[in-house]
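Novice: Just to be clear, the model below is a prediction. Sequence and coordinates:
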Amino acid sequence: MDRELVMVMSGFDVDFDDANDFYAVNAIPFHYDQHPIQIRVGEKVRVYLVNILEFDLINSFHLHANFFHYYPTGTSLTPSEFTDTIMQTQAQRGILEFSYKFPGKYMFHAHNTEFAELGWTGHFEVLP
């Protein structure tokens, strides 16, 4: 594998009302919007994805302009899906594998409008 990444999907309740006020991947809302993850055209990328979200039952991952192989729980050598969106319940994990054919800036985000508006968005910057 050319590149391996860990992405931890989470939420933060900052006013102690048992509801998340911010959502993020790797703890900082909007971080990967401001600092896109740089990868190269044709580079094989593996993402270890885990959902540790509290107060919401389901989280998701959506990749723009591409599909990925998804290995739920990471316990099989055979992917269960070839898709661009997956859902994970609390404490669920899985592995995504993909590569991009063309340079550009490609968004990834939670496939829930509220989560995305409150910080769970980012970009891959695919370099030649």
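Specialist: Perfect, I can see it now. These numbers come from a predicted model, not from an experiment. Numbers count the residues shown, from 1 in each chain.
Novice: Looks like A91 contacts L57 (just checking).
Specialist: No - A91 is not in contact with L57 according to CB atoms under 8 Å; the separation is 11.0 Å. The way it works is simple: take the backbone N, C-alpha and C, and place the C-beta from them, glycine included.
Novice: Show me what the helix or strand where R46 lies is packed up against.
Specialist: R46 is located in strand 45-51, with elements delineated by DSSP states H and E. Strand 45-51 is packed against strand 3-12, strand 85-89, strand 93-98, with contacts defined by 3 or more CB pairs under 8 Å, 6 or more residues apart in numbering; DSSP states H and E.
Novice: how about a cut-off of 7 Å?
Specialist: On a contact count with 3 or more CB pairs under 7 Å, 6 or more residues apart in numbering; DSSP states H and E, strand 45-51 meets strand 3-12, strand 93-98.
Novice: most tightly surrounded among those?
Specialist: When the helices and strands packed on strand 45-51 are scored by mean count of other CB atoms under 10 Å, the highest mean neighbour count falls to strand 93-98 (a mean of 19).
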